[in-house]
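Student: Fold the following.
(4 chains)
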Number of protein chains: 2
Amino acid sequence: MAEILAVATQEFAAGGLSGARIDAIADATRTSKRMIYYYFGSKEGLYLAVLEESYRSVRLTEGELHLADLPPEEALARLVGFTFDHHWNSQDYIRIVMSENIQRGEYLAQSKIIQKLNVPAINAIRELYERGVADGLFRAGLDAIDIHASISALCFFNVSNQYTFDLIFKRDGSSPKALKTRRANIIEMILRYVRK
Amino acid sequence: MAEILAVATQEFAAGGLSGARIDAIADATRTSKRMIYYYFGSKEGLYLAVLEESYRSVRLTEGELHLADLPPEEALARLVGFTFDHHWNSQDYIRIVMSENIQRGEYLAQSKIIQKLNVPAINAIRELYERGVADGLFRAGLDAIDIHASISALCFFNVSNQYTFDLIFKRDGSSPKALKTRRANIIEMILRYVRK
DNA sequence: CGCGGAATGGACCAACCAGTACATCCGCGT
DNA sequence: ACGCGGATGTACTGGTTGGTCCATTCCGCG
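Tutor: Residues are numbered from 1 along each chain as shown, chains lettered A, B, ... in the order given. Predicted structure coming up:
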C-alpha cells in the first residue's frame, strides 16, 4: 500500500492525472495492477489518495521550528527560509498541486480530509506577526493569510516554474549559489513587507 | 488555422498535453481532424505551436506602458499592476506554462523561436530600476531578473494556485474586492523591496 | 482441520485515441 | 479544357489503457 502510494506519487507528479499510467505504476511496484484496483478502486481513487497523502506529508510540524523562542524578525526569517527549503525538497508535491490546479481543484474539492486539516503555518505567522506588531517592529493591519500567500507564491514559483524560467533567461536556478541568493532575497522581501 | 490554434489553446489549457483530445479539438472547430494533422503534423506539433503562440501573445509590448515618462516608483507600480492584471486575464496562458513545467520544459526547449524572443519586461525593469538608483530612491545592487522573478511569482501564483488556495482557506480570491486588495499588496511588496 | 473472507495472479475486454489510406475536390495557371 | 498541387471529408486501424472476470491462494479463527 505505502509502496503503491510512493510510486504513484512519482508517476502522477511526472505526468499529471491524465499522463500517469496505471500499468507503469503497477510495473514499478512489487504488486500488480489488480491490487491497485483492489485497494483504490479506480485511477481517480488512487489520484485522490496520492493528493491527500501529499498534502498531509508537507504539513509544517508546528513547534518544530521553535518560532516562539525567537524574536519576531528572526522567527519570520526562519519560517520563510524553512518554507523555501521545504518546497525545494518536495518537488513531487509541488507538481501534484500544479496538476490539481490544472484540474481546477475538482479532486481536492472532493476530499473530506484535506479541507479539515487547517494549515499550521497560518497560526505560526499570525502569532509571530502579532508579536512583531506589539513590539513596534511590524506595521499593523496586515493579514496572515495574505503574508502566507506571498511566502507560498515566492517559494512555490521557484520550484514550479524553474524549467521555463531557466530556459527563457538562460540561467541555472538550481545551482547552490543561485538557490542561496534567491532564498536570501525572498526572506528580505518578506521582512521588508512587514516591517514598519 | 487561427481557429484551430484558439481552440487547441483552450483544450491544452484545460487538460495539459496528455489530457487534451485531438478529436475534441476537431469537433470544436469548423475543420476536421484530418486538417489538424495536415497543418501541424502531430499532437505534439500542435502543442508546440500553441506553446509558441501563447508566449508570443503575452509579450509585454514595450513602450505601451510609457514607463519612461513616469518617475521610477510610479513606473514600477504601474508595471507590477499591469503584470498582475495581464496574468489574471491570460489564464489559458498560465495553464499552458504550468503544463509545460510539468513536462520539465521539454517542448519549450525544442522551440527555436521562443528562446530568441527576449523578454521586454526585463529591459523595462532594468531601465526604471537604474533611474531609481540614480535618483537615490532605490537601493543599489539588485538584479533585474531577480526582481522580475518576484513579480512573476506573485502574479503567476495568484492565478495558477487559485483553486487549491481558495479551497484550503475557504475564501474567494477571484472576487473583485479580493483581487484589488491582493494587487495593491503585491505592488507594495515590490516597492518596499527596491526602496532604500 | 476446515471454513470464510481477504488477498492475488493472469488473461482478457471494450473503449478510446493518435494517426493514416484513399479518394475527392477546389482553384489557378496555361 | 486540362493538369496539377494544395486542401478536405470519411472511414478505418493498430496500439494503448483503464478496468474486470475467474480462479486460486493465504490466513486467522472456531
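
Student: Please, which helix or strand holds the closest residue to A:Ser57 other than its chain neighbours?
Tutor: Of all residues not flanking A:Ser57 in the chain, A:Tyr93 sits nearest, at 7.0 Å (Cβ to Cβ, 6 or more residues apart in numbering or on different chains). The C-beta positions use only the backbone N, C-alpha and C, and glycine is treated the same way. Per DSSP states H and E: A:Tyr93 is located in helix A:91-102.

Student: how far off helix B:91-102 does that helix point, in degrees?
Tutor: Angle between the axes of helix A:91-102 and helix B:91-102 is 150 degrees (criterion: axes from the mean of the first three to the mean of the last three Cα atoms, to 10 degrees).

Student: Give the buried residues for helix A:91-102.
Tutor: Using 16 or more other Cβ atoms under 10 Å in any protein chain shown as the test for burial, helix A:91-102 gives A:92-102.

Student: same thing with stretch A:3-21?
Tutor: Of the residues in stretch A:3-21, A:4-5, A:7-20 count as buried by neighbour count, 16+ other Cβ under 10 Å.

Student: May I ask you to confirm that A:Ser150 is in contact with A:Tyr193?
Tutor: Yes: between A:Ser150 and A:Tyr193 there is a contact under Cβ atoms under 8 Å: 6.8 Å.

Student: re earlier: is the helix holding A:Tyr93 positioned near DNA strand D?
Tutor: No: judged by Cβ under 7 Å from any atom of the strand, helix A:91-102 and DNA strand D are separated, with a smallest distance of 14.0 Å.

Student: Show me what that helix is packed up against.
Tutor: helix A:2-19, helix A:43-57, helix A:144-160, helix B:2-19, helix B:91-102, helix B:162-169 (3 or more Cβ pairs under 8 Å, 6 or more residues apart in numbering or on different chains; DSSP states H and E).

Student: what's the distance between it and the middle of its chain?
Tutor: Centre-to-centre, helix A:91-102 and its host chain are 9 Å apart (Cα atoms, centre = their mean, to the nearest Å).

Student: ditto for stretch A:168-188
Tutor: Here stretch A:168-188 is found 18 Å from its chain centre; the criterion is Cα atoms, centre = their mean.

Student: buried residues in it?
Tutor: For stretch A:168-188, the neighbour count (16+ other Cβ under 10 Å) marks A:168, A:173, A:179, A:182-183, A:185-187 as buried.

Student: re the thing from before, convert the C-alpha atoms of the helix holding A:Tyr93 to CSV, please.
Tutor: Provided in CSV are the C-alpha atoms of helix A:91-102 (Å, rounded to 0.1, in the frame of the first residue of the first chain):
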residue,chain,number,x,y,z
GLN,A,91,9.2,18.8,-5.9
ASP,A,92,6.8,15.9,-6.3
TYR,A,93,4.3,17.6,-4.0
ILE,A,94,4.6,20.8,-6.0
ARG,A,95,3.9,19.1,-9.2
ILE,A,96,0.9,17.4,-7.9
VAL,A,97,-0.5,20.6,-6.6
MET,A,98,0.1,22.1,-10.1
SER,A,99,-1.7,19.3,-11.8
GLU,A,100,-4.5,19.6,-9.3
ASN,A,101,-4.9,23.3,-10.2
ILE,A,102,-4.9,22.4,-13.9
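
Student: CA atoms only for stretch A:135-155, dumped as PDB, please.
Tutor: Output in PDB follows, covering the C-alpha atoms of stretch A:135-155 (Å, rounded to 0.1, in the frame of the first residue of the first chain):
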ATOM      1  CA  ASP A 135       7.000  45.200  19.800                       C
ATOM      2  CA  GLY A 136       6.500  48.100  17.400                       C
ATOM      3  CA  LEU A 137       8.600  46.400  14.700                       C
ATOM      4  CA  PHE A 138       5.900  45.400  12.300                       C
ATOM      5  CA  ARG A 139       3.300  47.600  10.800                       C
ATOM      6  CA  ALA A 140      -0.300  46.900  11.800                       C
ATOM      7  CA  GLY A 141      -3.200  45.900   9.600                       C
ATOM      8  CA  LEU A 142      -1.700  43.100   7.600                       C
ATOM      9  CA  ASP A 143      -3.500  39.800   7.100                       C
ATOM     10  CA  ALA A 144      -1.800  36.500   8.000                       C
ATOM     11  CA  ILE A 145      -3.300  34.700   5.000                       C
ATOM     12  CA  ASP A 146      -2.000  37.400   2.700                       C
ATOM     13  CA  ILE A 147       1.500  37.100   4.100                       C
ATOM     14  CA  HIS A 148       1.300  33.400   3.700                       C
ATOM     15  CA  ALA A 149       0.100  33.800   0.100                       C
ATOM     16  CA  SER A 150       3.200  35.800  -0.700                       C
ATOM     17  CA  ILE A 151       5.600  33.400   1.000                       C
ATOM     18  CA  SER A 152       4.000  30.500  -0.800                       C
ATOM     19  CA  ALA A 153       4.000  32.300  -4.100                       C
ATOM     20  CA  LEU A 154       7.700  33.100  -4.000                       C
ATOM     21  CA  CYS A 155       8.700  29.700  -2.800                       C
END
